[in-house]
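Trainee: Okay, sequence plus prediction incoming.
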Amino acid sequence: MGADKPHILHCHSTFSAGGKELRCVQLINAMGRGVRHTIVSGDPQQLGAAERIDRSIEVDLAPDFPALRGKPLPGRLLKLAQAMKPFDLVLTYNWGAMDVAMAHTLFSEALGLPPLIHHEDGFNEDEADKRKKTRNWYRKIALGKTAALVVPSEKLEEIALTEWEQPIGRVKRIANGIDIAAYRHDPAPDTLRVVKHEGEKWVGTLAGLRPVKRLPALVRAFADLPEEWQLVILGEGPEKERIRQTADELEVGHRVHLPGYVADPSGVVGLFDIFALSSGSEQFPISVVEAMAAGRPVAAPAVGDVANMVSADNVPFITAIGDDAALASSLHTLAQDEALRVIVGEANRQHAERNYDQAAMIDAYRRLYSRAIGSEIA
């Protein structure tokens, strides 16, 4: 490690404001000014999450670093390996940074590279149901000399141990956490561009508007709720027009709202009366934790760890994956019973406070990173 502050390299396929990127920002802010950071994005134009990094922290967002995308040829992998040498710790994230992990495994001993920790948070629609054999083979080899493989969910832990054949001592499960206290207040009705009017009830979700999120299916599940119910989908992405088209076809376009991306969910999730998820693939969706912290019931398919994340009172509203009729039934049951929503929401709030506060997550990551570099990260 250098004579001054430790220098950490972060390699992401994109650094847009998604779940894993915002968790990375949480940890960077928690480590404070005693650590330097360099962030490499496979898409250099996607750096939206960086806006939430504390400005007092030393961060390089435009490093001279080889492209993360390309064929895994020996010459390119050697260049990636050589570029890691100046750092004290290398952190890689998801499939988009797997070539960096492969370069580290192949050349770490010859070049004396710093330790590498890989983080895996889930899959796109191309691997939502089943992982690709060639990618599993590549992951198995690429992760061969990592100091640790971090996953947030029990499902991903199982995949890492079985499909990727990682040794049990290498796989570390650290549940995602949030600032629970930030979700205890009630937001103002006009916080969003869509105003919540008196008498209205909202089904809401936070999601990238991508096919894997199955948001048209959520529109269909919502469509038969009474007229006072509105569906508010917070996020951006390529599926926006398809969502609107589905709403228009079902004649609920006037009750389906897409206000766009929201930087701080703690200021808006409390406007929802029901939080809904419709994804075909998740692992440990932080949006579910945010809804629970705000004291809201959750209607969702049993993707990833969702059924184990919610309170016992909420479990009956977690449905089979792909069963859109069951999701609609969960929404209908919660929509027609305000007292039930309060009971389930309060149970979720208490469960989130006990299990998902960010302090435990930050402490687990700090200990893991400190062990890897052999020096305490304050």
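Mentor: That came through fine.
Trainee: can you give me the helices in the stretch 1-150 of the chain?
Mentor: Taking DSSP state H, counting those that start in this stretch, the helices of the stretch 1-150 of the chain run over residues 19-31, 74-84, 98-111, 133-142.
Trainee: quick one, which of those is nearest to residue 207?
Mentor: Relative to residue 207, the nearest member of the helices of the stretch 1-150 of the chain by Cβ to Cβ is helix 19-31, separated by 10.1 Å. For every residue, glycine as well, the C-beta is placed using N, CA and C.
Trainee: List the contacts of that closest one.
Mentor: Identification of contacts with helix 19-31 by Cβ atoms under 8 Å, 6 or more residues apart in numbering yields 10, 12, 14-15, 35, 37, 48-50, 52-54, 57, 59, 91, 93-94, 119, 121, 176, 285-287, 358, 361-362, 365-366, 377-378.
Trainee: Filter the residues you listed down to the buried ones, ChimeraX style.
Mentor: Here is the ChimeraX command that selects the buried residues among those (16 or more other Cβ atoms under 10 Å):
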select :10,12,14,15,35,37,48,49,50,53,57,59,91,93,94,119,121,176,285,286,287,358,361,362,365,366,377
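Trainee: Which ones among the contacts of helix 19-31 lie within strands?
Mentor: 10, 12, 37, 59, 91, 93, 119 (DSSP state E).
Trainee: what's around the closest residue to residue 62 other than its chain neighbours, how many residues?
Mentor: Excluding the flanking residues, the one nearest residue 62 by Cβ to Cβ, 6 or more residues apart in numbering is residue 44, at 7.6 Å. Neighbourhood size, residue 44 [other Cβ atoms under 10 Å]: 15.
Trainee: can you start the count at 58 instead of 1 from here on
Mentor: That works, and once the first residue is 58, the last one we named lands at residue 101.
Trainee: excluding its backbone neighbours, what's nearest residue 350?
Mentor: residue 240 is the one closest to residue 350 (Cβ to Cβ, 6+ apart), at 3.7 Å.
Trainee: Tell me the secondary structure of residue 411, please.
Mentor: Counting by DSSP: H, G, I helix; E, B strand; the rest coil, the backbone at residue 411 sits in helix.
Trainee: Give me the distance between it and residue 350.
Mentor: Per Cβ to Cβ, to the nearest Å, residue 411 is found 11 Å from residue 350.
Trainee: Looking only at neighbour counts, state which of the two leads.
Mentor: Counted by other Cβ under 10 Å, residue 411 and residue 350 do not tie: residue 350 has more neighbours, with 27 against 10.
Trainee: give the contact list for that one.
Mentor: 235, 237, 239-241, 326, 406, 409-410, 413.
Trainee: Same check on residue 416?
Mentor: Here residue 416 is in contact with residue 234 (Cβ under 8 Å, 6+ apart).
Trainee: Residue 137 touches residue 156, doesn't it?
Mentor: Yes: contact criterion Cβ atoms under 8 Å: residue 137 and residue 156 qualify, at 6.4 Å.
Trainee: Tell me how many other residues crowd residue 298.
Mentor: 10.
Trainee: ok, it to residue 206 distance?
Mentor: 38 Å.
Trainee: How about residue 70?
Mentor: Look at residue 70 and residue 206: by Cβ to Cβ, they are 17 Å apart.
Trainee: which residues touch the closest residue to residue 66 other than its chain neighbours?
Mentor: Spatial nearest neighbour of residue 66, excluding adjacent residues (Cβ to Cβ, 6+ apart): residue 144 at 4.3 Å. Taking Cβ under 8 Å, 6+ apart as the criterion, residue 144 is in contact with 64-66, 95, 171.
Trainee: biggest separation within those, which pair?
Mentor: Pairwise distances across the contacts of residue 144 peak at 12.2 Å for 95 and 171 (criterion: Cβ to Cβ).
Trainee: Would you map out the domains in this protein?
Mentor: Residue ranges for the domains of the chain, per automatic domain parsing: 64-234+415-430, 237-412.
Trainee: Same list (those domains) but as TSV, adding mean pLDDT.
Mentor: As requested, the domains of the chain are arranged in TSV below (pLDDT from 0 to 100):
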stretch	mean pLDDT
domain 64-234+415-430	94
domain 237-412	94
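Trainee: now the strands: where do they sit in the stretch 158-307 of the chain?
Mentor: Remark: strands assigned in the stretch 158-307 of the chain by DSSP state E, counting those that start in this stretch are 173-176, 205-208, 228-230, 258-263, 286-291.
Trainee: Looking at the ones you listed, spot the one closest to residue 359.
Mentor: Among these, strand 258-263 comes nearest to residue 359, with 16.4 Å by Cβ to Cβ.
Trainee: Convert the C-alpha atoms of the closest one to PDB, please.
Mentor: Written as PDB, here are the backbone C-alpha positions of strand 258-263 (Å, rounded to 0.1, in the frame of the first residue of the first chain):
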ATOM      1  CA  LYS A 258     -54.300   5.900  -3.600                       C
ATOM      2  CA  TRP A 259     -51.000   4.900  -5.300                       C
ATOM      3  CA  VAL A 260     -49.500   1.700  -6.300                       C
ATOM      4  CA  GLY A 261     -45.800   2.600  -6.900                       C
ATOM      5  CA  THR A 262     -42.600   1.000  -8.000                       C
ATOM      6  CA  LEU A 263     -38.900   2.000  -8.500                       C
END
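Trainee: Check which residues of it are buried.
Mentor: For strand 258-263, the neighbour count (16+ other Cβ under 10 Å) marks 258-263 as buried.
Trainee: could those residues go into JSON lines alongside distance to residue 197?
Mentor: Formatted as JSON lines, those follow (distance: Cβ to Cβ, whole Å):
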{"residue": "258", "distance to residue 197": "49"}
{"residue": "259", "distance to residue 197": "45"}
{"residue": "260", "distance to residue 197": "41"}
{"residue": "261", "distance to residue 197": "40"}
{"residue": "262", "distance to residue 197": "35"}
{"residue": "263", "distance to residue 197": "34"}
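Trainee: so which of the residues you listed comes closest to residue 162?
Mentor: residue 263 (35.7 Å).
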